[in-house]
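Q: What would the 3D arrangement of this be:
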Amino acid sequence: MKFHEPGKLAFLNAIIITVVFSTLFLVSAEIILNPGCNRFFIFLILILNALIIFITTWFIFKFTLTKFIYSKIRLVYKSIHAVKTGKPGKPVPVSGKNMIDQVQDEVDTWEAEKQQELEHLRKMEQYRREFIGNLSHELKTPLFNIQGYVSTLVDGGLDDPAINLEYLKRTEKSIERLVRILEGLDEISQLETGQLKLNITRFDLVALTREVVEMLDMKAGKHEIQLLVNEPEKTILVEADKDKIREVLTNIIDNSIRYGIKGNGRTKITFFDMDENILTEITDNGIGIASTDLPRVFERFYRTDLGRATTKKGKGLGLAIVKHIVEAHGQTINVRSATGMGTTFGFTLKKA
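A: Predicted coordinates:
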């Protein structure tokens with residue numbers, strides 16, 4: 001019969017103690033009631049009985065705690081430790097001296113970690129809902145436009161030379177916007193999963209920046225925004241995917257134009273030598289970003305309320321793609337901004 005339940009353990013201990021106590025009592029009574037027994041011998045018998053009872057009780061409870069209770073606690077401790085370390089089945093050295101304290105510490109730590117995991121899951125669920133809502137919003141406009149244009153053409157507009165070609169062109173633009181959104185999502189997915197391989201080469205980062213500035217110069221001129229490249233004294237060579245870094249520069253500079261101050265706008269690109277890396281900072285004096293929005297600027301389809309009010313253009317994927325490209329290079333990107341004070345994006349690249 002196995003005694004693993006508290007009631008059975010208590011019953012076993014009670015039987016053992018009762019048997020020992022009863023045996024000692026009967027033997028002691030037989031000796032004490034002997035007429036020839038003196039007082040000193042009686043006192044010695046009582047002391048001996050107490051000592052035997054104490055030792056027996058201590059041994060029984062120690063054996064019970066060690067054999068049954070602590071062995072169970074050890075299993076709990078090992079299970080918790082194995083789950084936390086991700087190495088199930090491996091023995092964990094545990095001292096029984098402070099076993100309960102150790103288990104309590106492990107349980108408290110585990111509880112804190114699980115609370116953090118739950119909080120992370122809640123945030124991810126919130127992000128998922130917002131992502132689906134934003135995706136729906138971005139797809140809705142071009143789809144509804146296409147539906148309206150096609151319906152007009154089907155209802156007779158196709159025979160009207162005054163509108164048929166114009167509506168077909170508008171439909172084409174809406175389709176192109178849908179294609180750009182899908183291509184952006186596909187690019188992010190490939191970057192996240194590592195499917196998109198980077199073509200790492202050595203190139204002049206300043207020269208590439210000048211190319212991007214020249215490409216966007218006409219658009220900046222229409223917005224009356226000045227693009228400035230802080231030319232360093234020597235050539236800056238980096239190791240990266242040139243086409244992807246061109247995409248990074250284009251997205252960030254294009255954003256600075258889109259959200260810049262018309263008539264008095266300025267975007268400045270500066271390079272800093274950071275030992276093993278080159279830090280590129282793109283600073284504008286545009287509308288800026290509120291502190292509550294800063295942690296989310298790299299999320300897909302996320303645009304601030306002020307940004308949405310300022311312009312309806314853009315597919316909301318540019319900065320998300322930028323972040324994934326930079327991180328795919330094993331580098332970092334950050335943003336500093338304040339409402340009405342402009343914005344600075346900075347990213348690093350490995351020096352060649």
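
Q: And the strands in the stretch 151-300 of the chain, which stretches?
A: 200-204, 225-229, 237-241, 265-274, 277-284 (DSSP state E, counting those that start in this stretch).

Q: what about the third one, average pLDDT?
A: Yep, that's strand 237-241 we're talking about. Strand 237-241 carries an average pLDDT of 94.

Q: Which positions within that strand qualify as buried?
A: 238, 240, 241 (16 or more other C-beta atoms under 10 Å). C-beta: built from backbone N, CA, C; applies to glycine.

Q: follow-up on the earlier one: who wins for proximity to residue 184 among the strands of the stretch 151-300 of the chain?
A: Of all the strands of the stretch 151-300 of the chain, strand 237-241 sits nearest to residue 184, with 17.0 Å by C-beta to C-beta.

Q: after the host helix or strand of residue 18, next one along is what?
A: Assigned by DSSP states H and E, residue 18 belongs to helix 6-32. The first helix or strand that comes after helix 6-32 along the chain, using DSSP H and E, is helix 39-64.

Q: Now do the buried residues in that following helix.
A: 45, 49, 56, 60, 64.

Q: Stretch 207-215 now?
A: Residues 208, 209, 212, 213 are the ones in stretch 207-215 that count as buried (16+ other C-beta under 10 Å).

Q: hmm, back to that, now render the buried residues of helix 39-64 as CSV, adding pLDDT.
A: Below are the buried residues of helix 39-64 laid out as CSV (pLDDT from 0 to 100):
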residue, pLDDT
45, 70
49, 73
56, 77
60, 75
64, 72
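
Q: got JSON lines for these, with distance to residue 279 too?
A: As requested, the buried residues of helix 39-64 are exported to JSON lines (distance: C-beta to C-beta, whole Å):
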{"residue": "45", "distance to residue 279": "89"}
{"residue": "49", "distance to residue 279": "84"}
{"residue": "56", "distance to residue 279": "76"}
{"residue": "60", "distance to residue 279": "71"}
{"residue": "64", "distance to residue 279": "66"}
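
Q: from those residues, which is closest to residue 337?
A: Taking C-beta to C-beta as the measure, residue 337 lies nearest residue 64 of those, at 65.7 Å.

Q: All the helices of this structure, residue numbers only.
A: For the chain, helices defined by DSSP state H occupy the ranges 6-32, 39-64, 70-85, 99-154, 164-193, 205-222, 242-258, 305-310, 318-328.

Q: Please state the offset of the fifth one from the chain centre?
A: In other words, helix 164-193. Put simply, helix 164-193 sits 30 Å off its chain's centre (C-alpha atoms, centre = their mean, to the nearest Å).

Q: Give me the buried positions along that helix.
A: Within helix 164-193, judged by 16+ other C-beta under 10 Å, the buried ones are 167, 170, 171, 174, 177, 178, 181, 184, 185, 187, 188, 191.

Q: Against which helices or strands is it packed?
A: Counting by 3 or more C-beta pairs under 8 Å, 6 or more residues apart in numbering; DSSP states H and E, the packing neighbours recorded for helix 164-193 are helix 99-154, helix 318-328.
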